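Asks: Got a sequence here, can you build the structure:
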Amino acid sequence: LKLQFLYFIVTVKMAGSTDLEVLHAFKEVSCITDEVEAKAYLKAAGGNLNKAVEMFLKGVKPATWSWYSVDPRYHTPIMYPPEIAKELEDSYKSTQAEVKYYKDEKVFTINVRTMRQYNAAGYYRTVVRGDPTSTRKSSAAQLHTQEDYKKVIQMVDGMTKETMEWVTNPDKPVPEVVPPYDERQVSTAVKVFDEIIAVFLGCDEYKVKYDCREDEYHRDIEGLRAGEHVPEYFANVKGGHSMFRRKALSLLGLRNLLIKGVEIFNELKRKHFHGDMSQYSGDEGPNKMKWYTGNTVDLDTIVLRCTDQSLFDQMNKQNREEKKPDFRDFREFSESKQARNMAFASARVLIDNFLRRVTLSSSEMQERNVCLVESMSVPIAKDNASRGKWPMWQYINPDGRVNTFHVNVPDMSDVYGALLVASWHALRAYCVIRAMPSGEEQQDLLSRYFDECIEDTCFNQKWKSIEGFCKMLKERNTVDDVLAHLQKEHQGVFSIIADKEEDGKITPEEYKTEMIQATWKIVNEKCLKALNEEGNEEFITEEMVTKFVERRSC
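Replies: Numbering: from 1, shown residues only. Take a look at the predicted model:
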């Protein structure tokens, strides 16, 4: 075989050989008849015939997937050698988590659970299991009719009805284990989300709008399918990734939560939503969420931001009224008794709310670090590893620009919303827009969808943005929406009436009467219409105007 190989090198590997000639030559030398397998060898060897045959002679089979790290400076792929790729693939399919990689007299540790390559100093870069040269796009399910989208809306409403009750009602009991969603419904949802991602990634308008840079490498995310690893990112941070990439990663993470959201929620629930990451195994709870979404939901809550300028000014105003000296800076305010009392009061409310939803015994409360005592000192956290160690702590970054008090419980509405609702309602909002008649309004709302609904924030805030966008869609073109916009558009007319009431020139009843008359005059002149509860368009009546003004005056 080696002699055949030498003959092959001399006679076949010549300038001008086509890929097809190279493939046939390799098949002849290796005696491999399966063309797919032969292509895999050549692909793993980077098209190098010599390396491909060496792999075959050594018995190194090409990995099903390519393995590479992503250069953090340019987001370009750095391929692993075939033998390391094989070790990584074997580890990925087994219980072994780490592979040692020796390069240029340096030792790197590759963790296939966190998908990171660490150097000796502990710094890391992202590792990807995929195809960096693939041009495949997400399989976008094109739903051709408005009825298709309406069916998805009905499906989502049925699936999330009970979950939304958990979000809004703290007394609503949550099952010990939240059951998984129907696989067929999840499959339908994923196909629509594939479409959302394809629309975003394929639109030049969004690339310009969200500053998609030429030096950024996006092929590692363009071909990702549902259920695959999403690279880590930091939300709402200047520098680093562009807004376009962060929004794309947000979409990929939301899609994965359709599949993994319930599973992650149940793992957090078993640990009583513990904020201490050391309480979770390598691929459990928050770690699993970060692997599948690139980010995670916060399991503690900020109860006081001492660097909030408006709060700082308000506290100094209060001090002056009470004949006390002003706080000189944010640090002095954070060390004051007032700041401590405010933080403790807010923390107590959040802990009580948490314990209404999560039943804990006395020993479990101690273990979960939620026993807040007024006389306790508030420790200073050094980094993220300190989170969850105490009932309450303070964090001050080195330059003092961040100075916050944290309580060791999440806002449970955020946890329910981020893991069990956000993805489904993001999907629903998209379908509501697609179910509209085609036209300028639909295109405007679609642009607003990627701008306002898919925000570059942590998951605690991301789901709130989704809910806010869904609320906007629901109230769009209703009587309240139309009349609110009308009063904003004619602010000069209505501010005169408001000023008269504020100055005591008219009574509250007279104020309402004048507001009704002024609003109705404009509505009547323009013959304005709005959508009723059934979604049908009708003229706005004087009675509707009266009810609107009365609601707003309460």
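Asks: rest of the way, CA atoms for contacts and neighbours
Replies: OK.
Asks: what stretches of the stretch 101-250 of the chain score poorly on pLDDT?
Replies: Within the stretch 101-250 of the chain, the set of residues satisfying pLDDT under 70 comprises 130-144, 214-220, 236-240.
Asks: likewise the chain?
Replies: 1-21, 33-37, 46, 61-65, 72-76, 95, 130-144, 214-220, 236-240, 554.
Asks: tell me the centre residue of it?
Replies: With distances taken as Cα atoms, centre = their mean, residue 250 lies nearest the centre of the chain, 4.1 Å away.
Asks: chain center to the helix or strand hosting that one, what's the gap?
Replies: Per DSSP states H and E: residue 250 is located in helix 243-270. Centroid separation for helix 243-270 versus its chain: 6 Å, with Cα atoms, centre = their mean, to the nearest Å.
Asks: Can you name the next helix or strand after that helix?
Replies: Heading C-terminal from helix 243-270, the first helix or strand you meet, by DSSP H and E, is helix 286-293.
Asks: picking up where we left off before, what residues sit buried inside the helix holding residue 250?
Replies: 243-269 (16 or more other Cα atoms under 10 Å).
Asks: when you compare where that helix runs with where helix 286-293 runs, what's the angle?
Replies: 150 degrees (axes from the mean of the first three to the mean of the last three Cα atoms, to 10 degrees).
Asks: by contact count, what packs against helix 243-270?
Replies: Judged by 3 or more Cα pairs under 8 Å, 6 or more residues apart in numbering; DSSP states H and E, helix 243-270 is in contact with helix 183-201, helix 286-293, helix 422-434.
Asks: From the contact counts, what lies against the shortest one?
Replies: The one in question is helix 286-293. Helix 286-293 makes packing contacts with helix 243-270 when contacts are defined by 3+ Cα pairs under 8 Å, 6+ apart.
Asks: residue ranges for the strands of this structure, please.
Replies: 66-70, 77-79, 98-103, 106-111, 116-118, 124-130, 301-305, 380-381, 392-396, 403-407, 529-531, 537-539 (DSSP state E).
Asks: out of those strands, nearest to residue 175?
Replies: strand 301-305 (24.1 Å; Cα to Cα).
Asks: ok now the closest one, how far from the chain's centre?
Replies: 21 Å.
Asks: Parallel or antiparallel, which strands does it pair with?
Replies: strand 403-407 (antiparallel) (DSSP bridges).
Asks: what about the strand it pairs with, distance to the chain center?
Replies: With Cα atoms, centre = their mean, you get 23 Å for strand 403-407.
Asks: tell me the angle that strand makes with strand 392-396.
Replies: Strand 403-407 and strand 392-396 are oriented at 160 degrees to each other (the same axes, to 10 degrees).
Asks: quick one on the thing from earlier: same list (the helices and strands packed on helix 243-270) but as JSON lines, adding distance to residue 538 and mean neighbour count.
Replies: Shown next, in JSON lines, are these (distance: least, Cα to Cα, whole Å; neighbours: other Cα atoms under 10 Å):
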{"stretch": "helix 183-201", "distance to residue 538": "32", "mean neighbour count": "18"}
{"stretch": "helix 286-293", "distance to residue 538": "44", "mean neighbour count": "24"}
{"stretch": "helix 422-434", "distance to residue 538": "21", "mean neighbour count": "23"}
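Asks: Of all these, which one is nearest residue 306?
Replies: helix 286-293 (27.6 Å).
Asks: how about the closest one as PDB, C-alpha atoms only?
Replies: Taking C-alpha atoms only, helix 286-293 is exported to PDB below (Å, rounded to 0.1, in the frame of the first residue of the first chain):
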ATOM      1  CA  PRO A 286     -27.200  27.400  34.500                       C
ATOM      2  CA  ASN A 287     -24.300  25.700  32.800                       C
ATOM      3  CA  LYS A 288     -26.600  23.900  30.400                       C
ATOM      4  CA  MET A 289     -28.500  27.100  29.700                       C
ATOM      5  CA  LYS A 290     -25.200  28.900  28.800                       C
ATOM      6  CA  TRP A 291     -24.200  26.000  26.600                       C
ATOM      7  CA  TYR A 292     -27.500  26.100  24.600                       C
ATOM      8  CA  THR A 293     -28.100  29.900  24.600                       C
END
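Asks: Contacts for that helix next, please.
Replies: 114-115, 227-232, 249-250, 252-254, 256-257, 260, 264, 268, 277, 280, 295-297 (Cα atoms under 8 Å, 6 or more residues apart in numbering).
Asks: ok, back up a step: dump the helices and strands packed on helix 243-270 to JSON lines, plus distance to residue 345.
Replies: Putting those into JSON lines (distance: least, Cα to Cα, whole Å) gives the following:
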{"stretch": "helix 183-201", "distance to residue 345": "42"}
{"stretch": "helix 286-293", "distance to residue 345": "28"}
{"stretch": "helix 422-434", "distance to residue 345": "30"}
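Asks: Nearest to residue 404, out of those?
Replies: It's helix 286-293; of the helices and strands packed on helix 243-270, that one is closest to residue 404 (Cα to Cα) at 22.2 Å.
Asks: How far off centre is that closest one?
Replies: So, by Cα atoms, centre = their mean, the centroid of helix 286-293 is 11 Å from its chain's centroid.
Asks: Please apply the same query to stretch 165-180.
Replies: 22 Å.
Asks: tell me how far the ends of that stretch are from each other?
Replies: This stretch, stretch 165-180, spans 17 Å end to end (Cα to Cα, to the nearest Å).
Asks: who's in contact with the residue nearest to the centre of the chain?
Replies: Residue 250 neighbours (Cα under 8 Å, 6+ apart): 293-294, 454-456.
Asks: Look up how far residue 197 lies from it.
Replies: From residue 250 to residue 197 the distance is 10 Å (Cα to Cα).
Asks: Contact partners for the residue nearest to residue 351 when sequence neighbours are not counted?
Replies: Closest residue in space to residue 351, ignoring its immediate chain neighbours: residue 409 at 6.4 Å, by Cα to Cα, 6 or more residues apart in numbering. If a contact means Cα under 8 Å, 6+ apart, then residue 409 has 273-275, 299-301, 350-351, 354, 370 as its contacts.
Asks: do that again at 7 Å, thanks
Replies: By Cα atoms under 7 Å, 6 or more residues apart in numbering, the contact set of residue 409 is 299-301, 351, 354.
Asks: Tell me which two of those residues sit farthest apart.
Replies: Applying Cα to Cα across the contacts of residue 409, the maximum distance is between 299 and 351, 12.1 Å.
Asks: The two: which has the busier surroundings?
Replies: Ranked by neighbour count (other Cα atoms under 10 Å), residue 299 and residue 351 place residue 299 first, with 23 against 19.
Asks: From residue 410, how far out is the more buried one?
Replies: 5 Å.
Asks: again, but for residue 187
Replies: 31 Å.
Asks: which residue packs closest to residue 426, ignoring adjacent ones?
Replies: Nearest to residue 426 is residue 466, by Cα to Cα, 6+ apart, at 6.0 Å.
Asks: And residue 346, by the same measure?
Replies: residue 303 (5.9 Å).
Asks: if we compare the helices and strands packed on helix 243-270, which one ends up closest to residue 162?
Replies: helix 422-434 (13.1 Å).
Asks: Which residues outside that closest one are in contact with it?
Replies: Helix 422-434 is contacted by residues 146, 149-150, 153, 156, 193, 254-255, 257-258, 442, 445-446, 463, 466, 470 when judged by Cα under 7 Å, 6+ apart.
Asks: Brilliant, that's me finished.
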